[in-house]
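Q: I would like the atomic coordinates for the input below:
(chains A and B)
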Amino acid sequence: MTFDLNFFGMLIGAIMASSVPLILAASGELITERSGVLNLGVEGMMIVGAISGFALMVLTDNLFLAVIGSMLSGLIISSIFGFLTQTLFTNHVASGLALTIFGIGISAMIGKNFVGIPGKDFPLLLVNLRESIPFVGPILFGHSIILYVAFALPFATNYFLKRTKLGLIVRAVGDSPVSASNQGINVTLVRYSCILYGGAMCGLAGAYLSLIYTPQWIENMTAGRGWIALALVVFATWSPLKVLVGAIIFGGVTIMQLHLQAIGLTIPVQLLSALPYIMTIIVLVVISRDSRKIKLNTPTSLGQIFYKEK
Amino acid sequence: MNTKLKVSEISKIYPGCVANDKVSLEFGSGKIYALLGENGAGKSTLVKILSGVVKPDKGQVFLNNESIKLNSPLDAKKNNIGMVFQHFNLFETLSVFENLSIDSNKKNEDLRVLIDGILKKYNFKIDLDVPVLNLSAGQKQKVEIIRCLIRNPKVLIMDEPTSVLTEQETDDLFISLKQFSKDGILIIYITHKLKEVLSLCDEVAVMRKGKVVSVSKTIDEKIETLANKMVGENLNTIKKKINIFKNSEEILKISNLNFKSDDPYETNLNNLNLSLKKGECLGIAGISGNGQNELFQILSGEIITEGTSIKFRNKEIGKLNPRERREYLMAFSPEDRISQAAVPELKIYENVALNNFKSSNFFEKGLVNEKKIKEHTQKILSNFSVNTDNVELKSQFLSGGNLQKLIIGRELITSPELLVCFNPTWGLDVGAINYIHKTLININQQGKSSILISTDNDELLKLSDRVCVIYKGKLSKIMNAESVTPEKLGILMGGGSID
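A: Have a look, this model is predicted:
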């Protein structure tokens, strides 16, 4: 009985771990989009975060530097997008797509020399407790600090947007940049900040993959997680807590279907692999049906270019 | 304390247009000033300069004899200049309180106390915790005003505040403005409505083509004198002879039409009934957002309804799409010229080709017959006095008036039996309005029918044979235009009932 319980505990722990990059990237992108900026470069920023984190870990042998560096690199690459869309007024969609293509390319180039190098053990917290308490132990303990940060982030994001002045300003800018500007809010500054924050979170999400989840560098190792994160934001109708739910379901079904495959069910593998996508969309669509709430949460100016009158 | 505001030699030049040409004006507290002018006269530019949104090329602003710099809206706020824009600067998805708190440094609790005080003092009734998108236009305007009052303004600028209000709301607004004025706030009131100037303001400055052409006391002015100053020429007014259609044939009948929308921004329509006779103009009044959009879309076929409720020329048309309806001799002029009626990036003749009928032969074997379309377009341009003969011009470069003439011309050149138009003179200058009005009267005289959905009551009463009011998706009873006064319309528009 204890064995079974522990197995389920481990399973839940694994599900939590696999949803971390999605939570981080989607929470970052959510803030960006709430300010009215549509950055489709999530995948690109994640992969750049992944390679810079891993490269820094190899070069400096310091995990702390590697994590900070990955966030910085995500921030820097998102600043290119910010410059293009906020200063040069280019189209958000095209600039974001370009960012993803650029990110995948440059990460592959830098990553050439890092293929095949083994990763380093990332310190896990309270490993003793994980082993000594059945079921609850593997769920709550023995994770990296980043996992705890990731799970706290949607709540913090929710609090930020709903309760703080700055969050109010971000929502206002996303609702109507013209009105915000007329109220004396520096729309460009707010949007730049949100873009950079989103970039840093995507960088961190990438680092989680290359430093902790599968500690090594593989070309294109984000494997579309950036796109899933983008879709989560939309399907969760820009609500941070629903992003969390969506990310856990996606992570959960991903892990479960791997187990189902291992058991050797007669369901075609392709169908099982599609299951996480289908389930996530169904659940999010079902929990986000209230059209009134959608209206209130949707950043009205999403993707629109804002010019200040002179 | 007395406040003096002075603008001196303000100039602002946009490419191809002198918006303000050495404008100098003086204002003092305790009075309400009108800034009067047609669209494009430069009023809005001047107030944008005063509120720090736009920087002037030349000139200075003095507050209490001190020169002030207005480089941003923040500067205007710092100098206690409050501004209520014509298009509200509110955040629709945020609550009223969030809208008010966003630029305040006060603690939320203190701010609530302050706002409650203002609500009580001026007898405003607004729920602070609902999202702004739930409010009526009049309430939204009050939120804007409260936002200014929170900051103890010395100067309050109102930009065309009544364009979205009912008569009742307008009266309330005027009472409030007079109260503010008594409390020592200097009020600058921008408008092109002459009656309001006379009933509200103490002094009036008239602007034309970027220049101040006259400053005078309102007691020395009359509607006619102000109108002539504003337009710069003598206007001959048109008035329609109202027809009574007893024996005429019924051309359109809508019975028990219901429309329920899933979109919270849209209005549901309840149990609409109306009938229209040949040669008649039916006016539909109402404050915008009471279901006019939805009604127009149902008439035009943008919204398809169950086939049983709309009968036109003895045929059920509820299921026909806009093109099929046009082929069945209906014509439509939507409210939004630039995004609904025409594609701004397309050339004039291409926009004309969008109304493609099977009979028009604009397209042959899937190919565009450019020559035919251009000839057809030329005909529209000359028949409807559009002020260009270049069919290759992109539609976005036409002025509002010319674009509206093109759109109405495009619809009318095929001799439809019914024209449905929605705010056809919205934002146009007096000359273009006159032309459109004459055109609309003309089609009735030719025995064709029209439905005029408009938020401009003067226009409705001038052009319609019968009038009704739409309020919260319901139509009032249909009345003969002769028996209707603007006051009656105002009561119905605000949801009241008459007799």
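Q: got the contact list for the closest residue to chain A within the stretch 351-499 of chain B?
A: Nearest to chain A in the stretch 351-499 of chain B, going by CB to the nearest CB, is residue B:396, at a distance of 16.3 Å. Placement of C-beta: from N, CA and C, glycine included. For residue B:396, the contacting residues are B:338, B:344, B:345, by CB atoms under 8 Å, 6 or more residues apart in numbering or on different chains.
Q: same thing but at 6 Å, please
A: The contact partners of residue B:396, taken as CB atoms under 6 Å, 6 or more residues apart in numbering or on different chains, are residue B:344.
Q: Next one, pLDDT for it please.
A: The score at residue B:396 is 80. That number is its pLDDT.
Q: give me the element the spatially closest residue to residue A:160 that is not a sequence neighbour is part of.
A: Nearest residue to residue A:160, sequence neighbours excluded (CB to CB, 6 or more residues apart in numbering or on different chains): residue A:167, at 4.4 Å. Using DSSP states H and E, residue A:167 sits in helix A:165-175.
Q: buried stuff in that helix?
A: By 16 or more other CB atoms under 10 Å in any protein chain shown, the buried positions in helix A:165-175 come out as A:167, A:168, A:169, A:170, A:171, A:172, A:173, A:174, A:175.
Q: Could you check how far residue A:277 is from chain B?
A: 26 Å (CB to the nearest CB, to the nearest Å).
Q: what helix or strand is that residue on?
A: Element membership for residue A:277 (DSSP H and E) is helix A:269-287.
Q: Which residues does that helix contact?
A: A:235, A:236, A:246, A:249, A:250, A:253, A:254, A:257, A:260, A:261.
Q: let's see it at 10 Å
A: A:18, A:22, A:224, A:228, A:231-232, A:234-237, A:239, A:241-243, A:245-258, A:260-261, A:265, A:267-268 (CB atoms under 10 Å, 6 or more residues apart in numbering or on different chains).
Q: For residue B:161, give me its contacts.
A: Going by CB under 10 Å, 6+ apart, residue B:161 touches B:84-86, B:138, B:141, B:144-145, B:169-170, B:173-174, B:177, B:189-191, B:196.
Q: In space, what's closest to the residue in the stretch 1-150 of chain A positioned nearest to chain B - neighbours in sequence excluded?
A: Per CB to the nearest CB, residue A:34 is where the stretch 1-150 of chain A lies closest to chain B, at 10.6 Å. By the measure of CB to CB, 6+ apart, the closest residue to residue A:34 outside its immediate chain neighbours is residue A:174, 4.8 Å from it.
Q: pLDDT on the helix holding residue A:167, on average?
A: On average, helix A:165-175 scores 94.
Q: Give me the helices and strands touching that helix, please.
A: With contacts taken as 3 or more CB pairs under 10 Å, 6 or more residues apart in numbering or on different chains; DSSP states H and E, helix A:165-175 sits against helix A:2-34, helix A:145-163, helix A:177-182, helix A:187-207, helix A:291-297, helix B:96-101.
Q: Quick check: which of these is buried the most?
A: helix A:187-207 (a mean of 26; mean count of other CB atoms under 10 Å in any protein chain shown).
Q: That one near chain B at all?
A: No: judged by CB under 10 Å from any CB of the partner chain, helix A:187-207 stays clear of chain B, getting no closer than 11.5 Å.
Q: Which secondary structure element comes immediately after that helix toward the C-terminus?
A: helix A:225-235.
Q: list the helices and strands that next one packs on?
A: Looks like helix A:225-235 contacts helix A:2-34, helix A:42-60, helix A:92-111, helix A:187-207, helix A:240-263, helix A:269-287 (3+ CB pairs under 10 Å, 6+ apart).
Q: Distance from the chain centre to the last one, please.
A: In other words, helix A:269-287. 18 Å (CA atoms, centre = their mean, to the nearest Å).
Q: Just the CA atoms of that helix, as CSV, please.
A: Taking C-alpha atoms only, helix A:269-287 is exported to CSV below (Å, rounded to 0.1, in the frame of the first residue of the first chain):
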residue,chain,number,x,y,z
VAL,A,269,0.8,6.1,-30.0
GLN,A,270,0.0,9.1,-32.2
LEU,A,271,-3.4,9.5,-30.5
LEU,A,272,-1.8,9.2,-27.1
SER,A,273,0.8,11.8,-27.9
ALA,A,274,-2.0,14.2,-29.1
LEU,A,275,-3.9,13.6,-25.8
PRO,A,276,-2.2,16.4,-23.8
TYR,A,277,-3.1,19.0,-26.4
ILE,A,278,-6.7,17.8,-26.7
MET,A,279,-7.3,17.5,-23.0
THR,A,280,-5.7,20.9,-22.2
ILE,A,281,-7.8,22.7,-24.8
ILE,A,282,-11.0,20.9,-23.7
VAL,A,283,-10.5,21.7,-20.0
LEU,A,284,-9.6,25.3,-20.6
VAL,A,285,-12.4,25.9,-22.9
VAL,A,286,-14.8,24.4,-20.4
ILE,A,287,-13.6,26.5,-17.5
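Q: just the angle between it and helix A:240-263, please?
A: Inter-element angle recorded for helix A:269-287 and helix A:240-263: 160 degrees (by axes from the mean of the first three to the mean of the last three CA atoms, to 10 degrees).
Q: in helix A:269-287, what's buried?
A: Quick answer for helix A:269-287 (16+ other CB under 10 Å): A:272, A:275, A:276, A:279, A:280, A:281, A:283, A:284, A:287.
Q: Next: the second one.
A: Within helix A:42-60, the residues that qualify as buried are A:42-58, counting by 16+ other CB under 10 Å.
Q: before we move on, back to that, so which of the helices and strands packed on helix A:165-175 is nearest residue B:305?
A: Relative to residue B:305, the nearest member of the helices and strands packed on helix A:165-175 by CB to CB is helix A:291-297, separated by 20.7 Å.
Q: hmm, the closest one in reach of chain B?
A: Yes: counting by CB under 10 Å from any CB, chain B has neighbours in helix A:291-297: A:291, A:292, A:293, A:294, A:295, A:296, A:297.
Q: how many neighbours does the nearest residue to the last one once chain neighbours are set aside have?
A: The spatial neighbour of residue A:297 that comes closest, neighbours along the chain excluded (CB to CB, 6+ apart), is residue A:238 at 4.5 Å. By the criterion of other CB atoms under 10 Å in any protein chain shown, residue A:238 has 24 neighbours.
Q: and if you look at the one 10 residues further on?
A: Residues within reach of residue A:248, counting by other CB under 10 Å, total 20.
Q: Distance check, residue A:163 against residue B:114.
A: 20 Å (CB to CB, to the nearest Å).
Q: typo on my end, residue B:427
A: Counting by CB to CB, the gap from residue B:427 to residue B:114 is 37 Å.
Q: can you check residue A:62 too?
A: For residue A:62 relative to residue B:114 (CB to CB), the value is 53 Å.
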